[in-house]
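S.K.: sequence and computational prediction follow.
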Amino acid sequence: MRALPTLALAVLTLIATPAWAILQGSASRDPNGLRRSVVSIESSTGELCSGVIVAPDVVLTAAHCMTDRAAYRVTGLSRAFRQQRFNVAALAIHPTFVPGTTPRTQPGIDLALLKLNRPVGPEFLALDPTQAGRIDVGDGVTIAGFGVLTERARGTARTLRQTNLVSLGPIEVANRVLIVVDRDRLAETAGAGACRGDSGGPILAATQTGYLLYGITSWSSGPLRSRQPSACGGLTAVTPLVEHLGWIASTMRGLSGLNSAWSGN
């Protein structure tokens, strides 16, 4: 399967917003599943994003989720799906990120790392970002997040949902992102994908032994043939981790100390 040849041009004509829930996704109810690694991030101003645990006290998310002058709180789910809350003690935003720009005009890298005030504990599972590989055209991926079930149903946020998408490959508009879409709809008409609340959530590759973390959700758009303005159900744009492992590793060492799980020592 090939990426749509006019995809980059089409993106410029779409409404693209930060991916604030998994549209047409299913609730994640497996106590040994993605609830162990995927968390929600909420600011004191009420903004909601998603993130993924990458060390016992470090969460990876999207940079645009962390630009408010606010306090931030991370919430994970116990085996019984009860909320476990952690405060953000420090954060690092990728140095190329430019605050105040829209997702499709953002020239920098939409990644941020958060240090929590305490480790998440043994109920949770950190996903090693250094194991990230490249996602090729036609590869299947899983996305997960705490966003809304449908674009206008804001009350449906804060439930962990996941869905499976397929890669159309990378595009470069203002920066380089990977585009993933509903396998059946291919972004032509409304289908599954990220929506409001899913920014910062993980893009994963499923294996026989678990999930590999490959990227972070940055923004979403409506379908190419939408008659009404929409920010969901079309393209889901991913910041691929394999291209930024140097910054991730060095920043995690700075946040967690030289004995960090990813320090290489």
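M.R.: It's in.
S.K.: tell me the pLDDT of the spatially most central residue of the chain.
M.R.: A centroid search over the chain (CA atoms, centre = their mean) returns residue 201, at 2.5 Å, as the residue closest to the centre. We note a pLDDT of 97 for residue 201 in this prediction.
S.K.: got a list of what it touches?
M.R.: Counting by CB atoms under 8 Å, 6 or more residues apart in numbering, residue 201 touches 19, 22, 38, 49-52, 143-147, 194, 216-217. In this view, the C-beta of every residue, glycine as well, is placed from N, C-alpha and C.
S.K.: against residue 246, how distant is it?
M.R.: 23 Å (CB to CB, to the nearest Å).
S.K.: check contacts around the closest residue to residue 223 other than its chain neighbours.
M.R.: With sequence-adjacent residues excluded and distances taken as CB to CB, 6 or more residues apart in numbering, residue 223 is closest to residue 234, at 4.0 Å. By CB under 8 Å, 6+ apart, residue 234 lies in contact with 14, 181, 187, 190, 191, 193, 220, 221, 222, 223, 224, 226.
S.K.: can you give me the end-to-end span of stretch 115-127?
M.R.: Stretch 115-127 has an end-to-end distance of 15 Å (CA to CA, to the nearest Å).
S.K.: now it: average pLDDT?
M.R.: For stretch 115-127, the per-residue pLDDT averages 97.
S.K.: go through that stretch and flag the buried ones.
M.R.: 115, 116, 120, 124, 125, 126, 127 (16 or more other CB atoms under 10 Å).
S.K.: same check, this time on stretch 204-223
M.R.: For stretch 204-223, a neighbour-count test (16+ other CB under 10 Å) marks 204-205, 211-223 as buried.
S.K.: thinking again about what came up before, pLDDT score for the residue nearest to residue 223?
M.R.: Turning to residue 234, the model gives it a pLDDT of 90.
S.K.: picking up where we left off before, the contacts of residue 234: which two are farthest apart?
M.R.: Greatest spatial distance among the contacts of residue 234 (CB to CB): 14 and 191, at 14.4 Å.
S.K.: quick one: the strands in the chain, in order.
M.R.: 16-18, 26-27, 38-43, 48-55, 58-61, 72-77, 83-93, 112-116, 140-145, 161-172, 176-181, 202-207, 210-221, 236-240 (DSSP state E).
S.K.: could you dump the ones you listed to TSV with distance to residue 250?
M.R.: TSV is the format used below for the strands of the chain (distance: least, CB to CB, whole Å):
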stretch	distance to residue 250
strand 16-18	26
strand 26-27	36
strand 38-43	22
strand 48-55	13
strand 58-61	13
strand 72-77	22
strand 83-93	10
strand 112-116	10
strand 140-145	26
strand 161-172	24
strand 176-181	20
strand 202-207	21
strand 210-221	17
strand 236-240	17
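S.K.: of those, which shows the lowest average pLDDT?
M.R.: Among these, strand 16-18 scores lowest, with a mean of 55.
S.K.: hmm, back to that, of the contacts of residue 234, which is the nearest to residue 61?
M.R.: Among the contacts of residue 234, and counting by CB to CB, the member closest to residue 61 is residue 220, at 15.4 Å.
S.K.: how about the longest helix along the chain: buried residues?
M.R.: The residue-count maximum for a helix in the chain (DSSP state H) belongs to helix 245-256. Buried residues in helix 245-256, defined by neighbour count with 16+ other CB under 10 Å: 247, 248, 249, 251, 252, 253, 255, 256.
S.K.: stretch 51-70 too?
M.R.: Using 16+ other CB under 10 Å as the test for burial, stretch 51-70 gives 51-66.
S.K.: widest-spaced pair of those residues?
M.R.: 56 and 64 (25.4 Å).
S.K.: now the terminal residues of stretch 191-202, how far apart.
M.R.: OK, stretch 191-202 end separation, CA to CA: 19 Å.
S.K.: I'd like the distance from it to the chain centre, please.
M.R.: If you compare the mean C-alpha spot of stretch 191-202 with that of the full chain, they lie 7 Å apart, counting by CA atoms, centre = their mean, to the nearest Å.
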